[in-house]
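1. sequence and predicted structure below; questions after.
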Amino acid sequence: MPAVRRLLRGIVVVGTLEEAEDLVYTHPELTAVTAEGDLLGAHFAQGGSAGAPSLLEVQASVDQAAAELAELGVRCEELAREQERPSSGAGSAPRSSRSWGSGAGPPTGRSRPSPSSSAGSPGRHGRRR
């Protein structure tokens, strides 16, 4: 039994996480563990609840996700309307028509060889294909 006492020295079992917070605040040298398995010390906290969430918690999560989805839908519509509006400034084209393909920026006027025309040239590692 002395080994168990030594292992559990400074560990206090409490009923709730709030009680654990109060205990550790007033006695930072102690570690509190709740009936749910949460472990709380002065410099750490570890959740330990192994139980499944209640129906109320699941419904709250669903409601929150639905609200976020609705907000994102409104934001997507706003962004789509902004993208459809022509830019201000003479001769500038809407963003959607600035498709530069796989290049890193706007066209430079120089043509690039197509992948099929480079079949006889050395490949990426200096070998012929």
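-> On my side now, so go ahead.

2. strands of this protein, residue ranges please.
-> Read by DSSP state E, the chain holds these strands, from start to end of the chain: 11-14, 31-34, 39-41, 44-46.

3. Ala80 is nearest to which of the ones you listed?
-> Shortest distance between Ala80 and the strands of the chain, using Cβ to Cβ, is found for strand 44-46: 43.1 Å. (C-beta placed from N, C-alpha, C; glycine too.)

4. mind listing residues that contact the closest one?
-> Strand 44-46 is touched from outside by Asp38, Leu39, Leu40, with contacts defined as Cβ atoms under 8 Å, 6 or more residues apart in numbering.

5. could you measure the first one against Ala60, distance?
-> Computed as Cβ to Cβ, to the nearest Å, the Asp38 to Ala60 distance reads 20 Å.

6. these two - which one has more neighbours?
-> Counting neighbours by other Cβ atoms under 10 Å for Asp38 and for Ala60 shows that Asp38 has the greater number, 17 against 12.

7. quick one: least confident helix or strand in the protein?
-> Confidence across the helices and strands of the chain bottoms out at strand 44-46, with a mean of 83, counting by mean pLDDT, DSSP states H and E.

8. please identify the pairing partners of that one and their relative orientation?
-> Strand 44-46 sits in its sheet next to strand 39-41 (antiparallel), going by DSSP bridges.

9. the partner strand: which residues count as buried?
-> When burial is assessed from 16 or more other Cβ atoms under 10 Å, strand 39-41 yields the following buried residues: Leu40, Gly41.

10. averaged pLDDT, it. What do you get?
-> The pLDDT scores in strand 39-41 average 89.

11. sorry, back to before: out of the strands of the chain, which comes closest to Pro86?
-> Comparing the strands of the chain against Pro86 with Cβ to Cβ, the closest turns out to be strand 44-46 (53.7 Å).

12. from the contacts of strand 44-46, pick the one nearest Ala70.
-> Using Cβ to Cβ, those come closest to Ala70 at Asp38, 33.4 Å.

13. good, we can wrap up now.
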